[in-house]
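[1] predicted structure and sequence below. I'll ask about it afterward.
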Amino acid sequence: MTEPSMTPPTAHILDQLFSRIESKRKADPETSYTAKMFARGTHKIAQKVGEEAVEVVIEAIRGKRKRLVSESADLLYHLTLLWAASDVEPGDVWRELARREGVSGYAHLGRETDDDED
Ligand SMILES: N=c1c2ncn([C@@H]3O[C@H](COP(=O)(O)OP(=O)(O)OP(=O)(O)O)[C@@H](O)[C@H]3O)c2ncn1[C@@H]1O[C@H](COP(=O)(O)O)[C@@H](O)[C@H]1O
C-alpha cells in the first residue's frame, strides 16, 4: 500500500504545466521558449524567476490587479521550469506544503538546511 504522505495531495494545473514543460525539454529552441530556456541552463532560468518575482512585487505595490495576475502566471511558469531544470517535481513541493498544513508559521517547521542536501 502507498504511504498516504507519499501521494501528492492534489492534481493541479501546475502538474499539467510541469508535464508540458518536460515534453518541451528536447524541442526546437526556435519554436519553443521552454526549450530555449532549458538550453540556456539553470542559472539563466533562476535569474528569470528572480526577474518575474520582482515584476510581481512591483505590480502588487502599484495596485494593478490584472498586471499582478499576468506577472504571477509568468512567475509560476518560470518557477515550474526551474523545478524541471533542478530535478524537483511538483509533488515534492505539494508534499512539503501538506506537511506544513495546520502548523503555525511561528513553529519550527524543520526546513531543509544545506547540510541536509543529498
Ligand atoms: N506558461 C507559459 C509561459 N508564460 C510565460 N511564457 C513566456 O515567457 C517569456 C517571458 O517574457 P519576457 O519578456 O520576460 O522574456 P523574453 O524577452 O521573451 O525572453 P528573454 O530572452 O528575456 O529570456 C515570454 O516569451 C512568454 O511567452 C511562457 N511560455 C510558455 N508557457 C507554457 O509552456 C508551454 C510550451 O511553450 P513553448 O515552449 O514556447 O512551446 C505553453 O503552451 C504554455 O503552457
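    Looks like it came in fine. Just so it is clear, the model here is predicted, and its values are computed rather than measured.

[2] buried residues in the helix or strand containing Trp94?
    For Trp94, the element it lies in under DSSP states H and E is helix 90-100. Neighbour-count burial for helix 90-100, with 16 or more other Cβ atoms under 10 Å as criterion, is recorded at Pro90, Gly91, Val93, Trp94, Arg95, Ala98. Glycine gets a C-beta too; all of them are placed from N, C-alpha and C.

[3] against which helices or strands is the helix or strand where Ala73 lies packed?
    Using DSSP H and E, Ala73 sits within helix 65-85. Other elements packing on helix 65-85 under the criterion 3 or more Cβ pairs under 8 Å, 6 or more residues apart in numbering; DSSP states H and E are helix 13-23, helix 33-40, helix 42-62, helix 90-100.

[4] any bit of the second one sitting next to the ligand?
    Yes. In terms of Cβ under 6 Å from any ligand atom, part of helix 33-40 sits within range of the ligand, namely Tyr33, Thr34, Ala35.

[5] and the protein, which residues reach the ligand?
    Leu17, Arg20, Lys24, Ser32, Tyr33, Thr34, Ala35, Lys48, Asp74, Tyr77.

[6] quick check, nearest of the residues you listed to Trp83?
    Using Cβ to Cβ, Leu17 comes nearest to Trp83 of those, at 10.1 Å.

[7] okay but the closest one is in contact with His78, surely?
    No. Leu17 lies out of contact with His78 (Cβ atoms under 8 Å); the separation is 10.8 Å.
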